[in-house]
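Colleague: what follows is a predicted protein model with its sequence.
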Amino acid sequence: MSKLRVAVLGAGGRMGSEAVRAVRAAEESAGDMELVAALGRGDPLSTLVEAGATVAVDLTHPDAVMANVEFCVRHGIHAVVGTTGWTEERLAALRDWLADSPGTGVLIAPNFGIGAVLTMRFARQAARFFESVEIVELHHPGKADAPSGTAVRTAQLVAGAREEAGLPAQPDATGTALPGARGADVSGVPVHAVRLRGLVAHQEVLFGGEGELFTIRHDSMNRASFMPGVLLGIRRIAGAPGLTFGLEHFMELDG
Ligand SMILES: NC(=O)C1=CN([C@@H]2O[C@H](COP(=O)(O)OP(=O)(O)OC[C@H]3O[C@@H](n4cnc5c(N)ncnc54)[C@H](OP(=O)(O)O)[C@@H]3O)[C@@H](O)[C@H]2O)C=CC1
Ligand SMILES: O=C(O)C1=N[C@H](C(=O)O)C[C@H](O)C1
């Protein structure tokens, strides 16, 4: 079996450097992939083609990810994307590129952490049973965006489940508030972003009903926690042409 030829974009970053280590470790242990390129800011994307990359992992910045993924899709290189910033408009552009390159696969994973994927799933399941819901995401102060991509996705899933169940908007008597005090409104779900030295990546989904509270919490204590998900994406993406949104599609969650 030929090895997956993997490139990492953003290879000098917090996540990218961990991904470089993980791919090299997989090369040693499983032998099913090899690292053929590690790109930092300013390195030409043509390096991917010259290196013969078949899968590119993007862990860069919301400002860079679109150009990177467009290049990959146009060159038939599968992409595993952890970088945030995927609005509906961006996803529509990506679908257009993929339509012109039907054999190519792109995984957008708001979170590679297995527990974070489960948090999103359990939050969606719980949403219809509770009158109130708020999300608190907590991250290191070097994070470029707020709220986190994971929190946005969680809020969208929760909001979708509430709507399906016919729940009304949640109660909130706030009449006056300092701007920001009630968090960001994501599809009707308040999302609060904490940035604190010492944190890595954490999220709480708080549900409230009459006389009861239900909290789902996930903590990534280090970036190695994301690597089984990154490797799963690398191993599965060539067999999944088109857009896959969310790592859960590659996990046998109901098995
Ligand atoms: N899906 C998931 O599970 C996770 C996703 N993330 C996301 O991944 C992204 C990266 O996070 P993190 O590693 O913490 O960020 P860092 O800032 O530590 O790393 C980003 C790296 O990308 C580099 N970079 C910026 N622009 C480009 C470019 N055009 N081409 C190549 N490299 C570039 C940066 O270079 P320079 O240093 O020169 O700026 C930096 O080395 C974020 O969007 C984050 O939210 C993070 C953790 C988990
Ligand atoms: O920037 C980070 O660190 C993280 N980004 C992703 C996000 O925005 O959801 C995933 C995880 O929360 C870590």
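Modeller: Cool, the structure landed. Ligands and ions are numbered 1, 2, ... in the order given.
Colleague: and the helix or strand where Val8 lies, what does it pack onto?
Modeller: Secondary-structure assignment from DSSP states H and E places Val8 in strand 4-9. In this structure, strand 4-9 packs against helix 14-29, strand 33-39, strand 55-58, helix 227-237, with contacts taken as 3 or more CB pairs under 8 Å, 6 or more residues apart in numbering; DSSP states H and E. Every C-beta, even on glycine, is put in place using the N, C-alpha and C of the backbone.
Colleague: is it positioned near ligand 1?
Modeller: Yes: looking at strand 4-9 against ligand 1 by CB under 6 Å from any ligand atom, the contacts come from Leu9.
Colleague: mean confidence for that strand?
Modeller: Taken as a whole, strand 4-9 has a mean pLDDT of 98.
Colleague: now do stretch 75-82
Modeller: For stretch 75-82, the mean pLDDT works out to 98.
Colleague: kindly report the same for stretch 30-40.
Modeller: Stretch 30-40 comes out at a mean pLDDT of 98.
Colleague: residues making contact with it?
Modeller: With CB atoms under 8 Å, 6 or more residues apart in numbering as the contact definition, stretch 30-40 has outside contacts at 1, 3-12, 16, 20, 23-24, 26-27, 45, 47-48, 51-53, 55, 231, 234-235.
Colleague: show the buried residues in the residues you listed.
Modeller: Among the contacts of stretch 30-40, those that count as buried by neighbour count (16 or more other CB atoms under 10 Å) are 4-11, 16, 20, 23, 26-27, 45, 48, 51, 53, 55, 231, 234-235.
Colleague: would a markdown table of the helices and strands packed on strand 4-9 with distance to Gly175 be doable?
Modeller: Below are those laid out as a markdown table (distance: least, CB to CB, whole Å):
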| stretch | distance to Gly175 |
| --- | --- |
| helix 14-29 | 41 |
| strand 33-39 | 51 |
| strand 55-58 | 44 |
| helix 227-237 | 43 |
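Colleague: between the ones you listed, which one is nearest to ligand 1?
Modeller: Closest approach to ligand 1 among the helices and strands packed on strand 4-9 (CB to the nearest ligand atom): helix 14-29, 3.3 Å.
Colleague: contact partners for Ala79?
Modeller: 55-58, 68-69, 72-73, 104-107, 237.
Colleague: next, the angle from the helix or strand harbouring Leu118 to helix 227-237.
Modeller: For Leu118, the host element (DSSP H and E) is helix 114-126. If you take axes from the mean of the first three to the mean of the last three CA atoms, to 10 degrees, helix 114-126 sits at 80 degrees to helix 227-237.
Colleague: put the alpha carbons of the helix or strand following helix 114-126 into PDB.
Modeller: Later in the chain than helix 114-126, the nearest helix or strand by DSSP H and E is strand 132-139. Extracted in PDB, the C-alpha atoms of strand 132-139 (Å, rounded to 0.1, in the frame of the first residue of the first chain):
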ATOM      1  CA  SER A 132     -32.300  27.900  28.600                       C
ATOM      2  CA  VAL A 133     -28.800  27.300  27.100                       C
ATOM      3  CA  GLU A 134     -25.600  29.300  27.100                       C
ATOM      4  CA  ILE A 135     -22.100  28.400  26.000                       C
ATOM      5  CA  VAL A 136     -18.800  29.400  27.700                       C
ATOM      6  CA  GLU A 137     -15.600  28.700  25.700                       C
ATOM      7  CA  LEU A 138     -12.300  29.300  27.400                       C
ATOM      8  CA  HIS A 139      -9.000  29.500  25.500                       C
END
